[in-house]
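In: Dropping a prediction and its sequence here:
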Amino acid sequence: YATEDFRRALAGALAARADLGPHALVLFDVSTLYFETDQGDGFRESGFSKERRLEPQITIGLLTDADGFPLKITAFEGNKAETRTMIPMLEDFMATHQLKDITVVADAGMVSDANRKALVGAGLSYIIGEKLPEVPPAIRRWMEANPDAAPENGMILSWPVYDGPAGARRKALTYYQYRENRAKRTLRGIDQQVAKAKKAVEGKAPVKRNRFVGITGEHRFLKHDIEDKARALAGWKAYITNLDPEHASADYVIGAYHQLWHIEKAFRMSKHDLAARPVFHRQKDSIDAHLTIVTAALAIAQRLEAITGWSRKRFITTARRYREVTLTINGQQLIAEAELPEDLAALLTTISDTMNGAH
């Protein structure tokens, strides 16, 4: 399963099922898998861990289609920065499937400025979540023009930018969307943090990490400017894309970004339901073979969910109770099997008919 021929054949089958075409949306995300060992070996190395683990790990890059169907899983060194995994994966994926252009959808943490410039330089399109460290001009101008008004739920503002390396810059657009529910959650969190900050400033609570507390020597104070900025940004989220707005509306861009939950679900499934962590493997070839099997299993699980409408957990826990047993009595083989309930029998028939029809 670690051979290049087998992995390319699997990649071809997955791509055919996903029906990739021009400007196809692909979702990208990165995670890590750790090993219970103390020593790194050049591949399994300690690095940034979202789970805050210190053990050696590997970094896993995952590409899926817009529905979370897996297209490619690649293992990188555990100390390789997440932002340095995207371009090699995309280049290999496009070369394998002879794609001239795809639209990459990723979270802000996955894409560095250098990555974004590389995407533009390669002529690729992207939809990426943007961080908001400051109040951007589009939001500031709206606030100045509407000092006593609250943004309407779902309001979208846009701001043009130019992105990419020198000599190959492309026009891009940043969209800012306001959501009331998001604002309420954020403001509730700000109120809680400010209340804790006030207690810390008054000496009624120990000083812990709190962005609203400033310390100068022995003097503690509230950072009102930081609080004002946080409240001004509550409810807003930014999305940047270099897609032509004549062919990709703001609603399309924002909707495509929010498809990322599919790839997050795929990662959860592979790490937990499919036991992706290669705990018994040490060599890179063995780890790659293990991840190839996980990729195939993930694709099958996604396909079964789509066909049956049942969750993986429900299907597995229901189906595993019914097994066929072959007995040998006095040299004669007998097959014993439990009778399937009607809903499961109908489901298996649906799976069989669908899969046979697919070929």
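Out: Good, I have the coordinates. Being a predicted model, the structure only gives us computed values, none of them experimental.
In: Would you list the strands that the lengthiest strand in the chain pairs with, along with their directions?
Out: Longest strand in the chain by number of residues (criterion: DSSP state E): strand 24-34. Strand pairing for strand 24-34, using DSSP bridges, gives strand 57-65 (antiparallel), strand 102-106 (parallel).
In: Tell me the helix or strand right after the first one.
Out: Next along the chain after strand 57-65, taking DSSP states H and E as the criterion, comes strand 70-77.
In: before we move on, back to that, ok, which of the strands paired with strand 24-34 comes nearest residue 122?
Out: strand 102-106 (10.1 Å; C-beta to C-beta). Backbone N, C-alpha and C define where each C-beta goes, glycine included.
In: For that closest one, the averaged confidence score.
Out: For strand 102-106, mean pLDDT rounds to 90.
In: Which one, of the strands paired with strand 24-34, ends up nearest to residue 13?
Out: Here strand 57-65 is closest among those (C-beta to C-beta), at 13.4 Å.
In: Kindly provide the whole-number mean pLDDT of the closest one.
Out: 87.
In: what about residue 129, which SS state?
Out: Following DSSP: H, G, I helix; E, B strand; the rest coil, the label given to residue 129 is strand.
In: Quick one: low-confidence residue ranges for the chain.
Out: 1-2, 22, 167-168, 269-281, 357-359 (pLDDT under 70).
In: Walk me through the domains of it.
Out: The domain map for the chain lists 4-128+246-308, 185-230, 322-358, with the assignment taken from automatic domain parsing.
In: Now distance to residue 143 and mean neighbour count too, for these, in TSV please.
Out: Converted to TSV, those look like this (distance: least, C-beta to C-beta, whole Å; neighbours: other C-beta atoms under 10 Å):
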stretch	distance to residue 143	mean neighbour count
domain 4-128+246-308	20	17
domain 185-230	11	14
domain 322-358	53	10
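In: Would you mind giving those domains as a markdown table with distance to residue 158 added?
Out: Supplementary listing: these in a markdown table, determined by distance: least, C-beta to C-beta, whole Å:
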| stretch | distance to residue 158 |
| --- | --- |
| domain 4-128+246-308 | 7 |
| domain 185-230 | 21 |
| domain 322-358 | 42 |
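In: of all the ones you listed, which lies closest to residue 150?
Out: domain 185-230 (11.7 Å).
In: what's the span of that closest one, first residue to last?
Out: 12 Å (C-alpha to C-alpha, to the nearest Å).
In: again, but for stretch 190-209
Out: 14 Å.
In: How about residues contacting that stretch?
Out: Contact with stretch 190-209 is made by 210-213, 215, 220-222, 227, 230-231, 234, as judged by C-beta atoms under 8 Å, 6 or more residues apart in numbering.
In: so how far is it off the chain centroid?
Out: Put simply, stretch 190-209 sits 34 Å off its chain's centre (C-alpha atoms, centre = their mean, to the nearest Å).
In: right, and the domains of the chain - which one's nearest residue 146?
Out: domain 185-230 (16.9 Å).
In: Tell me, how many residues neighbour residue 231?
Out: If you count neighbours by other C-beta atoms under 10 Å, residue 231 ends up with 15.
In: Doesn't it belong to a helix?
Out: Yes: Residue 231 forms part of a helix when assessed by three-state DSSP.
In: Next up, identify which helix or strand the closest residue to it other than its chain neighbours is on.
Out: Leaving aside its sequence neighbours, residue 231 sits nearest to residue 190 (C-beta to C-beta, 6 or more residues apart in numbering; 6.2 Å). Residue 190 belongs to helix 180-201 when elements are defined using DSSP H and E.
In: Show me what secondary structure element comes after that helix.
Out: Immediately after helix 180-201, counting by DSSP H and E, sits strand 213-216.
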